[in-house]
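Novice: When you get a sec, could you give me coordinates for this:
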Amino acid sequence: IPAFGLFGTHVESGMPLLEKLDAVVNDLGFQDYTADVDNKLNMVLFTLSLMIGTAGLPHVIIRFFTVPKVADARWSAGWTLVFIALLYLTAPAVGAMARLNLLDTIYPEGPQAEAIRFDERPDWMKTWEETGLISWADKNGDSRIQLYNDANADFAPTAAERGWNGSELTVNNDIIVLANPEIANLPAWVIGLIAAGGIAAALSTAAGLLLAISSAISHDLIKNIINPKISEKGEMMAARISMACAIVLATWLGLNPPGFAAQVVALAFGIAAASLFPALMMGIFSKRVNSKGAVAGMVVGLCSTLVYIFLYLGWFFIPGTASFANTPDNWMLGISPLSFGAVGAIINFAVAYAVSMATEAPPQAIQDLVESVRTPKGAGVALDH
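Specialist: Predicted coordinates for the structure are as follows:
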C-alpha cells in the first residue's frame with residue numbers, strides 16, 4: 001500500500017499528497033483529484049440524492065426492527081448512520097489510492113520511466129484479464145503497456161513519432177474497487193475478509209429488500225386494499241410469488257445493468273429519495289398530510305424520476321431505447337439522471353402537501369399518533385419545564 005507521511009506527503013516521491021493524487025489521475029486520463037466541478041448544482045443534487053436516498057432505503061429501515069427493545073433500535077440506527085458516514089467520506093480516498101496503486105504497478109519507477117513489458121505484468125492483472133474488466137492493446141508494437149494520454153507530456157513521444165493516440169490499457173471503472181486488495185498486494189486472508197464482507201453486505205441487502213418487497217405487495221397492497229378477506233396462507237403465497245418475481249427482475253437487471261456499479265447504486269438511491277423519503281419525513285413532522293397526499297406525492301415523485309432516467313438511459317433500461325443521448329448538453333438544466341432523485345423528492349413534497357391541503361385532514365387518532373412519535377410518553381413534564 002502506498003506510504004504517506006504524517007503531514008500528507010507521499011514517502012517515495014516526496015510530493016505532497018494532493019499533488020501526487022493529481023498527478024496520478026492525470027496520468028490515467030482523469031480530471032485532477034482536487035479539481036473543482038463545473039456544475040455545482042448537479043453535484044449538490046447528486047450528494048443530496050445519496051443522503052436522502054440512504055434514509056429512505058427499505059432494507060436499511062427494516063433492520064431496525066430486528067432488535068428486542070426500542071432503545072436497541074435507536075442504537076442500531078445511530079451506528080448505521082456512523083458507518084454510512086464513514087463509507088461516504090472514505091470512498092473518494094479509496095478510489096484515489098486504488099488508482100495510485102494501479103499506476104505504480106505499471107510504472108514502478110514513476111510515469112516518466114519506461115513502462116513494464118506486457119509479459120512482465122503483475123499477477124493481479126493476469127487474473128482480472130479473464131473477467132474482461134481490464135485489457136491491453138499494443139498500438140505501437142513495443143510490447144510495453146503505455147499510458148500516453150497527453151502527447152505534449154515530457155515523458156511521452158510526440159503523436160507523429162508514436163503513430164497512435166490514447167492509452168494502450170483499458171480499465172473498467174468497477175475494477176478500481178474490486179481489484180484494489182490484489183493491486184495493493186494485501187495478504188490472502190485480508191482479501192478473503194474483504195470478499196466475505198462484500199458478500200455479507202450483498203446478501204443482507206438482498207434479504208432486506210426481498211422482505212420489504214414481499215410484505216409490501218402481499219400485506220399492504222393485496223391484504224389491505226385489493227382483497228381484505230385473503231387468508232394467511234394466501235397472503236404467504238402472494239409474498240413468495242412477489243419475491244420470486246423480484247429475484248427474476250433483479251437477475252435480468254444484473255445481466256443487463258444500466259451502468260457500472262456506482263451508477264446503478266446512485267439510480268437506486270435516487271429512486272428511494274424520490275418515492276419513500278418524503279413520505280417518511282412528512283409522516284413524522286406533519287400532522288396535516290394524509291394518506292391521499294402521501295400516495296399522490298409518491299406516485300408523482302417516482303414517475304417523474306423514472307421518466308427522466310428512462311429518457312437518457314433507455315426505457316426500462318433496455319439498450320438502444322433512450323430518447324436522448326446521456327450527455328451534459330442534453331440534460332435538463334444540467335441535471336444528470338443520477339442526480340434527479342433529489343428533484344423528484346422536491347416534487348413529491350410539493351404534490352403531497354398540495355393534495356393533503358385540498359382533501360380532508362387525517363383522523364384525530366392518526367394525528368395523536370404523530371404527536372406521540374414527536375414527544376415520547378413521559379417527556380411532557382420535561383418539555384413543560
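Novice: Output the helix or strand harbouring Lys126 as CSV, restricted to C-alpha atoms.
Specialist: If you go by DSSP states H and E, Lys126 is part of helix 123-129. The C-alpha coordinates for helix 123-129 follow below in CSV (Å, rounded to 0.1, in the frame of the first residue of the first chain):
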residue,chain,number,x,y,z
ASP,A,123,-0.2,-11.4,-11.3
TRP,A,124,-3.3,-9.3,-10.4
MET,A,125,-3.6,-8.0,-13.9
LYS,A,126,-3.4,-11.6,-15.4
THR,A,127,-6.2,-12.6,-13.0
TRP,A,128,-8.5,-9.7,-13.9
GLU,A,129,-7.9,-10.0,-17.7
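Novice: Name the strands paired with the helix or strand following it and say parallel or antiparallel.
Specialist: Next helix or strand after helix 123-129 toward the C-terminus (DSSP H and E): strand 134-136. Strand pairing for strand 134-136, using DSSP bridges, gives strand 169-171 (antiparallel).
Novice: what does the partner strand contact?
Specialist: With CB atoms under 8 Å, 6 or more residues apart in numbering as the test, strand 169-171 has contacts from Leu28, Leu102, Ile106, Leu133, Ile134, Ser135, Trp136, Ala137, Ile145, Gln146, Leu147. Heads up, the C-betas are built off the backbone N, CA and C, glycines and all.
Novice: Next: stretch 252-260.
Specialist: With CB under 8 Å, 6+ apart, stretch 252-260 has contacts from Asn172, Asn173, Asp174, Val264, Leu267, Leu313, Gly314, Phe317, Ile318, Pro319.
Novice: Most neighbours of all these, which one?
Specialist: Leu267 (24 neighbours; other CB atoms under 10 Å).
Novice: Need the CA coordinates for stretch 281-295. CSV is fine.
Specialist: Listed next in CSV are the C-alpha coordinates belonging to stretch 281-295 (Å, rounded to 0.1, in the frame of the first residue of the first chain):
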residue,chain,number,x,y,z
MET,A,281,-40.4,12.7,6.8
MET,A,282,-43.9,14.1,6.4
GLY,A,283,-45.4,11.2,8.3
ILE,A,284,-43.3,12.3,11.3
PHE,A,285,-43.2,16.0,11.1
SER,A,286,-46.6,16.9,9.6
LYS,A,287,-50.0,16.0,11.2
ARG,A,288,-51.9,17.5,8.3
VAL,A,289,-50.5,15.3,5.5
ASN,A,290,-53.0,12.4,4.9
SER,A,291,-52.8,9.1,3.0
LYS,A,292,-54.1,10.6,-0.2
GLY,A,293,-51.4,13.2,-0.3
ALA,A,294,-48.7,10.8,0.6
VAL,A,295,-49.7,8.4,-2.1
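Novice: one step back: the contacts of strand 169-171: which two are farthest apart?
Specialist: Leu133 and Gln146 (19.6 Å; CB to CB).
Novice: contacting residues around Thr359?
Specialist: Contacts of Thr359 (CB under 8 Å, 6+ apart): Asn290, Lys292, Gly293.
Novice: What's the ChimeraX syntax to select whichever of these are buried?
Specialist: Here is the ChimeraX selection string for the buried members of those, based on 16 or more other CB atoms under 10 Å:
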select :290,293
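Novice: Next, format the contacts of Thr359 as JSON lines and append pLDDT and distance to Val82.
Specialist: Converted to JSON lines, the contacts of Thr359 look like this (pLDDT from 0 to 100; distance: CB to CB, whole Å):
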{"residue": "Asn290", "pLDDT": "88", "distance to Val82": "35"}
{"residue": "Lys292", "pLDDT": "90", "distance to Val82": "37"}
{"residue": "Gly293", "pLDDT": "91", "distance to Val82": "33"}
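Novice: Can you flag which of the contacts of Thr359 belong to helices?
Specialist: Lys292, Gly293 (DSSP state H).
Novice: Could you point out which of the contacts of Thr359 is nearest to Ala202?
Specialist: Minimum separation from Ala202 among these (CB to CB) is found for Gly293, which lies at 35.8 Å.
Novice: in what helix or strand does the residue nearest to the closest one when sequence neighbours are not counted lie?
Specialist: Counting by CB to CB, 6 or more residues apart in numbering, Ser356 is the residue found nearest to Gly293 once chain neighbours are left out, at 3.1 Å. Using DSSP H and E, Ser356 sits in helix 340-358.
Novice: what pLDDT, on average, does that helix get?
Specialist: Taken as a whole, helix 340-358 has an average pLDDT of 93.
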